[in-house]
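J.: I would like to see how this sequence folds:
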Amino acid sequence: EKGESFLNPNAGDAATRAAIRNLSAGILSDPRSTGTCDSLTYFSDLPGLQSGKTRRVLPKVFGRLNEMPDGETLYVESPYFIIHDDKARDEMKLLKQRNIHGILLTNSLASTDAFYVAANFFPKVSFYENISDSEMYVFRGKLPRNNPMIMLKNGHPLAEKAVWGIHSKSFVFSDESFAIGTFNLDPRSAALNSEMMVFCEGNRPLTEFVREDILDRISASDLLGKDGKLPGGKSIFDGV
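T.: From the prediction side, this is the model:
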């Protein structure tokens, strides 16, 4: 009975769905949020047990990074960030040699339930930053300032006290090219899961829209120092 009750939509569910549709309509009303890419490419790994023969997404991501002009800025949003193998580390070094500046946004301990990823990430931040020219931000877990919310009748947000985490996987390669998909910068996405990415080339307004979306969450994040520590003596456990 509880299962049937949970699965059967009720009036409250219908009202929530309508509110979500209204929120998305507001986001998509920005004329930059839709458009045509001069080149649109979809890549996916082949299904089944993963091997070098079935991987399609990782080589495409590396290939697209290598096509970036020297001196460009790379924006990356990845909820998980673990650089484990030598090839990935060599890629970070190569980007630094080509004066490509990286801006990374990932989760903090306060914004994720994957504490095992954060436990791997934080001790290596200084190493990551030393082998690459990058700024690394960790999301605080608070509501982003421009995030639209479903409001209750009392005027308060529905998820006012919720812990927020980032989950999108996005790369911005230039002023007019980006990629969005399921690929995380971690060994599980690189070697185990079947992932997918959409690559868009040749749409400057849409790329700007994606980049501003990332920057909005960066404004609710902390920049890690070159020593891998949070600013102002904050503990990585604050807010956890």
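
J.: ok, which stretches of this structure are strands?
T.: Remark: strands assigned in the chain by DSSP state E are 39-44, 73-77, 101-107, 134-139, 169-174, 177-181, 196-201, 221-223.

J.: run through who's touching the shortest one.
T.: With contacts defined as Cβ atoms under 8 Å, 6 or more residues apart in numbering, strand 221-223 is touched by 105, 108, 135-140, 230-231, 234. No exception for glycine: its C-beta is placed from N, CA and C like everyone else's.

J.: now these as CSV including pLDDT?
T.: As requested, the contacts of strand 221-223 are arranged in CSV below (pLDDT from 0 to 100):
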residue, pLDDT
Leu105, 97
Ser108, 94
Glu135, 93
Met136, 94
Tyr137, 96
Val138, 95
Phe139, 95
Arg140, 92
Leu230, 91
Pro231, 90
Lys234, 90
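
J.: pull out the buried members of these.
T.: 105, 108, 135-140, 230 (16 or more other Cβ atoms under 10 Å).

J.: what about the longest helix in the protein?
T.: Longest helix in the chain by number of residues (criterion: DSSP state H): helix 11-28.

J.: gap between it and the chain center?
T.: Taking Cα atoms, centre = their mean, to the nearest Å, one finds the center of helix 11-28 at 24 Å from the center of the full chain.

J.: Phe178: which of the contacts of strand 221-223 is nearest?
T.: Leu105 (14.0 Å; Cβ to Cβ).

J.: now do Asp30 against Pro47, distance only.
T.: 36 Å (Cβ to Cβ, to the nearest Å).

J.: which one of those two has more residues nearby?
T.: Asp30 (11 against 8; other Cβ atoms under 10 Å).

J.: thought that one was touching Glu212?
T.: No - using Cβ atoms under 8 Å as the test, Asp30 is too far from Glu212 to be in contact (9.7 Å).

J.: below-threshold pLDDT in this protein: ranges please.
T.: 144-146 (pLDDT under 70).

J.: which residue of it sits farthest from its center?
T.: Glu1 (38.8 Å; Cα atoms, centre = their mean).

J.: and that residue, how far is that from Asp13?
T.: Distance from Glu1 to Asp13, by Cβ to Cβ: 17 Å.

J.: again, but for Gly228
T.: Gly228 is 44 Å from Asp13, by Cβ to Cβ.

J.: those two: which is more packed in?
T.: For Gly228 versus Asp13, the count of surrounding residues by other Cβ under 10 Å is larger for Gly228: 18 against 10.

J.: ok, which of the strands of the chain comes nearest Ala162?
T.: Between the strands of the chain, strand 134-139 lies closest to Ala162; by Cβ to Cβ that is 13.4 Å.

J.: report all helices and strands that the closest one contacts.
T.: Judged by 3 or more Cβ pairs under 8 Å, 6 or more residues apart in numbering; DSSP states H and E, strand 134-139 is in contact with strand 101-107, helix 125-131, strand 221-223.

J.: would you mind giving those as a markdown table with distance to Ile166 added?
T.: Shown next, in a markdown table, are the helices and strands packed on strand 134-139 (distance: least, Cβ to Cβ, whole Å):
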| stretch | distance to Ile166 |
| --- | --- |
| strand 101-107 | 6 |
| helix 125-131 | 17 |
| strand 221-223 | 9 |
